[in-house]
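Undergrad: task: produce atomic coordinates for the following.
(one chain, ligands or ions: 1)
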Amino acid sequence: MIFTVAIDGPAAAGKGTIGRAVADRFGFRHLDTGLLYRAVGVIGGDPVAAARALRPEDLARDDLRTLQAGQAASRVAAIPEVRAALLDFQRRFARAEGGAVLDGRDIGTVICPEAEVKLYVTASPEVRAHRRWLEVGGDEARVLAEVKERDARDMGRADAPLKPAADAVLIDTSAMGIDEAVAAACAVVADRLPPR
Ligand code: DC
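TA: Alright, predicted model coming up:
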């Protein structure tokens, strides 16, 4: 069965947690596409060359989750040649046999417009910054400023900007616990699965 769940939304909205849980529940493979851009940002040098030479082990680096890696990712992600270099890998992953969940910014709009399920997971900037701050610590006001800066860059870029696909189901996790958000996402997927 070929079945793609595309999950898009801004930083720290809960996409990754929801994506992993949906993949576990339905036995699909999961790709956090932010890791591709984070790895390109962290490798440094010429980002286009880094994107073209990206290897699976680069996605396993232990320095990809920092605020700096997120900012570097958001900057290299605005370069059209970087996005182009990462396109085929993501498309193949999305349409491989067995079902796939991809989370990112442009999965339902650019990478896989034919996805059987498109979710747009969001939350207020304050709630997202608070969640990120619980993970990374430091000054919460600075984390909020970085979240807003990254939103503006990801939503404002010319190539594949972050926005909900016209046919995406919106899940606002501002006032939801993670279990509730996962249940909402799983309900949409269960509803669209072909009968067996
Ligand atoms: O989801 P994340 O925070 O790990 O993503 C890091 C950055 O990578 C994000 O600010 C924008 C970019 N990104 C993107 O442009 N397209 C994607 N599909 C995933 C991430």
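
Undergrad: is the closest residue to D167 other than its chain neighbours in a helix, a strand, or coil?
TA: In space, and not counting its chain neighbours, D167 is closest to K118: 6.0 Å by CB to CB, 6 or more residues apart in numbering. Every residue, glycine included, has its C-beta placed from N, CA and C. With DSSP: H, G, I helix; E, B strand; the rest coil as the basis, K118 sits in strand.

Undergrad: residues near A184, how many?
TA: Around A184 sit 17 other residues, with neighbours defined as other CB atoms under 10 Å.

Undergrad: wait, isn't it in contact with M176?
TA: Yes. Counting by CB atoms under 8 Å, M176 is a contact partner of A184 at 7.5 Å.

Undergrad: residues in contact with the spatially most central residue of the chain?
TA: Centroid-nearest residue in the chain, with CA atoms, centre = their mean: G104, separated by 2.1 Å. G104 makes contacts with 7-8, 15, 32-34, 90, 111, as judged by CB atoms under 8 Å, 6 or more residues apart in numbering.

Undergrad: could you tell me which of the residues you listed belong to helices?
TA: Among the contacts of G104, the residues falling in helices (DSSP state H) are 15, 34, 90.

Undergrad: nearest residue to the last one other than its sequence neighbours?
TA: Pointing back at Q90 there. Once flanking residues are discounted, Q90 sits nearest to I111: 4.8 Å by CB to CB, 6+ apart.

Undergrad: separation between the one you found and A183?
TA: According to CB to CB, to the nearest Å, I111 stands 26 Å off from A183.

Undergrad: gap between G9 and R105?
TA: G9 sits 8 Å away from R105, taking CB to CB as the criterion.

Undergrad: equivalent analysis for A12, please.
TA: Remark: distance between A12 and R105 (CB to CB) = 13 Å.

Undergrad: ok, of the contacts of G104, which come out buried?
TA: Buried subset of the contacts of G104 (neighbour count, 16 or more other CB atoms under 10 Å): 7-8, 15, 32-34, 90, 111.

Undergrad: okay, those residues in JSON lines with pLDDT next?
TA: Converted to JSON lines, these look like this (pLDDT from 0 to 100):
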{"residue": "I7", "pLDDT": "98"}
{"residue": "D8", "pLDDT": "98"}
{"residue": "K15", "pLDDT": "96"}
{"residue": "D32", "pLDDT": "97"}
{"residue": "T33", "pLDDT": "98"}
{"residue": "G34", "pLDDT": "98"}
{"residue": "Q90", "pLDDT": "98"}
{"residue": "I111", "pLDDT": "98"}
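
Undergrad: which parts of the strand or helix carrying H130 are buried?
TA: Per DSSP states H and E: H130 is located in helix 125-136. Neighbour counts using 16+ other CB under 10 Å place 125, 127-133 of helix 125-136 among the buried residues.

Undergrad: between those, which is closest to the ligand?
TA: The shortest approach to the ligand among the buried residues of helix 125-136 belongs to R132, at 9.2 Å (CB to the nearest ligand atom).

Undergrad: just to revisit the earlier point, is the helix holding H130 in proximity to the ligand?
TA: No. Helix 125-136 is not in contact with the ligand by CB under 6 Å from any ligand atom; minimum separation 9.2 Å.
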